[in-house]
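S.K.: model this:
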Amino acid sequence: MSDLSHFTNIRSDFPIFQRKIHGDKDLIYLDSAATSQKPYAVIQAMNDYYTYGNANIHRGIHELAEEATSNYESARARIANFIHGENPNQLVFTRNTTESINLVANTWAKANLKSGDLVLLTEMEHHSNLVPWFMLAEEKGLKIEFVPITDDFELDMVKFLDLLNKKPKLVAFTHMSNMLGTINPAEEITQMAHNAGALVLIDGAQSVPHFPVDVQEIGADFYAFSAHKMVGPTGIGALFAKAELLESMPPYMGGGDMIRKVTYEGFSTNNIPYKFEAGTPAIAEGIGFGAAVDYLESVGMDHVFAHEKEMTRYAIDVLGNVPDLTIHGPTAEKKGGVISFSFMDVHPHDISQILDAEGIAVRAGHHCAMPLHRKLNLAATTRASLYLYNTKEEIDTLAEKLEDVRRIFS
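M.R.: Sure, this is the predicted structure:
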């Protein structure tokens, strides 16, 4: 059991919880699967860079430039260490998980896949791990197939094994579903895919923020995640990949800093990871990203996960007692803190609007998982997503205010 008093005190680290919504309502933020709130430590780290150390990196030899470069590269090393990465040079900064996946699709996949090759995805993927592969399939004539989900909202591992007999070149899957909350057995899936001769890409947008991730233990070839879902800033994410793959992949964009040499006849690329980081990067955001993993390390990811597990179990119990409410997803033991639900016949947008009037922020819609919603015969759902700053009292209030929805639409 997590230390609830400790996690209640954590709320004071996040300045946004001081504000009121619609004048006098306390903020109950249940939309962390979309983006998390930011602690003072992250905001201050970025503010300090702009206030006292603003300079470009990797180019200047004056004190400000060297200090900014050191802080930025220190952040890279700490982020790689946070996911137990072997070498910071295997971590490429991108704008977000989406760009990380697109980078792989437009470099490794475009260079190595040919017409007729199979890319294996799952039915629970976010659009970010669907659309890039659809685009590449249209361009190169690839085949795409999907590992189905079971009636228990888990991946059908028997069917997965059957699909591996078709010898896919790439298996790409989400570590944790942003709609169902299902936590997939990443290490097992990766081993099975490797045994079948496939490379593996994992969408870690919903996993890295919420529970300990060890990329060496998992063994995936590519692992993508974003800062803004893990108490860090927007506009920066990361791709962690095996060094030999990064070395062999062509650059993603051309410009400054991704080159070793340029002449009027051509160019040669820089070392990894820099050959994938053209132009001036998001320096303040990179420093903020480093501060975010420092903050999460100080709390302890084991503690974050234990707290979220307790909150998830409690939320499922409480919401499960609300008449006419259906939760879509596996049991609390098989999922993270994402609870998507249907309530009566009320459209999720209406539910969200009524809850917002009470200061409760939830998500309404398809959550960038339209095919999964269609698979479940759902047009949309309401999603309450939990993080380290949420409390049982907030869940109680959510359940209580859902009765306002019932009263209005009855």
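S.K.: Does Cys368 touch Met124 like I think?
M.R.: No. With contact defined as Cβ atoms under 8 Å, Cys368 does not reach Met124; the gap is 11.7 Å. Any C-beta I mention is one placed from the backbone N, CA and C, and that applies to glycine too.
S.K.: more crowded one of these two?
M.R.: Met124 (27 against 17; other Cβ atoms under 10 Å).
S.K.: So the more buried one lies in a helix, does it not?
M.R.: No. If the criterion is DSSP: H, G, I helix; E, B strand; the rest coil, then Met124 is coil and not within a helix.
S.K.: Verify the stated contact: it with Ile183.
M.R.: No. Under the contact definition of Cβ under 8 Å, Met124 does not touch Ile183, with a separation of 11.1 Å.
S.K.: Bridging across strands, which residues link to Ile144?
M.R.: When bridges are called by DSSP bridges, Ile144 pairs up with Val119.
S.K.: Let me know the distance separating it from Asp117.
M.R.: Between Ile144 and Asp117 the distance is 10 Å, computed by Cβ to Cβ, to the nearest Å.
S.K.: Downstream of the helix or strand bottoming out on mean pLDDT in the chain, the next helix or strand is which one?
M.R.: Averaged element by element with mean pLDDT, DSSP states H and E, the chain has its least confident helix or strand at helix 4-10 (a mean of 69). Beyond helix 4-10 on the C-terminal side, the first helix or strand identified by DSSP states H and E is strand 20-21.
S.K.: what does whatever helix or strand comes next after that next one rub up against?
M.R.: The C-terminal neighbour of strand 20-21 among helices and strands, as given by DSSP H and E, is strand 25-26. Defining contact as Cβ atoms under 8 Å, 6 or more residues apart in numbering, one finds that strand 25-26 is touched by Phe17, Lys20, Ala357, Glu358, Gly359.
S.K.: Skipping its backbone neighbours, what lies nearest the fourth one in space?
M.R.: Nearest residue to Glu358 in three dimensions, chain neighbours excluded: Lys401, at 4.8 Å (Cβ to Cβ, 6 or more residues apart in numbering).
S.K.: Can you get me a residue count around Ala243?
M.R.: Around Ala243 there are 13 other residues, counting by other Cβ under 10 Å.
S.K.: show me what contacts it?
M.R.: Contact partners of Ala243, counting by Cβ under 8 Å, 6+ apart, are Asn87, Asn89, Gln90, Ile272.
S.K.: Ok, Thr280 next?
M.R.: So Thr280 contacts Asn56, Ile57, Gly256, Asp257 (Cβ under 8 Å, 6+ apart).
S.K.: does the last one really touch Ile283, like I thought?
M.R.: No. Under the criterion of Cβ under 8 Å, Asp257 lies out of contact with Ile283, with a separation of 11.9 Å.
S.K.: Between the two, tell me which one has more neighbours.
M.R.: Relative neighbour count places Ile283 above the other of Asp257 and Ile283, with 24 against 16, counting by other Cβ under 10 Å.
S.K.: Surely that one and Asn56 touch.
M.R.: Yes. If you go by Cβ under 8 Å, Ile283 and Asn56 touch, sitting 7.4 Å apart.
S.K.: between these two, what contacts are shared?
M.R.: Taking Cβ under 8 Å, 6+ apart as the contact criterion, the common neighbours of Ile283 and Asn56 are Ala68.
S.K.: Go through the helix or strand harbouring Met192 and flag the buried ones.
M.R.: Met192 is part of helix 186-195, with elements assigned from DSSP H and E. The neighbour-count criterion (16 or more other Cβ atoms under 10 Å) identifies Ala186, Ile189, Thr190, Met192, Ala193 as the buried residues of helix 186-195.
S.K.: where do the helices sit along the stretch 51-200 of the chain?
M.R.: According to DSSP state H, counting those that start in this stretch, the stretch 51-200 of the chain carries its helices in the segments 63-82, 97-104, 110-112, 131-140, 157-164, 186-195.
S.K.: Surely Ala238 touches Thr94?
M.R.: Yes. The pair Ala238 and Thr94 passes the contact test of Cβ under 8 Å, sitting 6.4 Å apart.
S.K.: where do the contact lists of the two overlap?
M.R.: With Cβ under 8 Å, 6+ apart, Ala238 and Thr94 have common neighbours Ser100, Ala224.
S.K.: which of these two has more neighbours?
M.R.: For the pair Ala238 and Thr94, the greater number of neighbours falls to Ala238 (30 against 25), based on other Cβ under 10 Å.
S.K.: any idea which helix or strand carries the more buried one?
M.R.: In this assignment (DSSP H and E), Ala238 forms part of strand 237-241.
S.K.: So which residues make contact with that strand?
M.R.: The contact list for strand 237-241, computed with Cβ under 8 Å, 6+ apart, reads 79-80, 83, 85, 90-100, 103-104, 215, 221-228, 276, 289.
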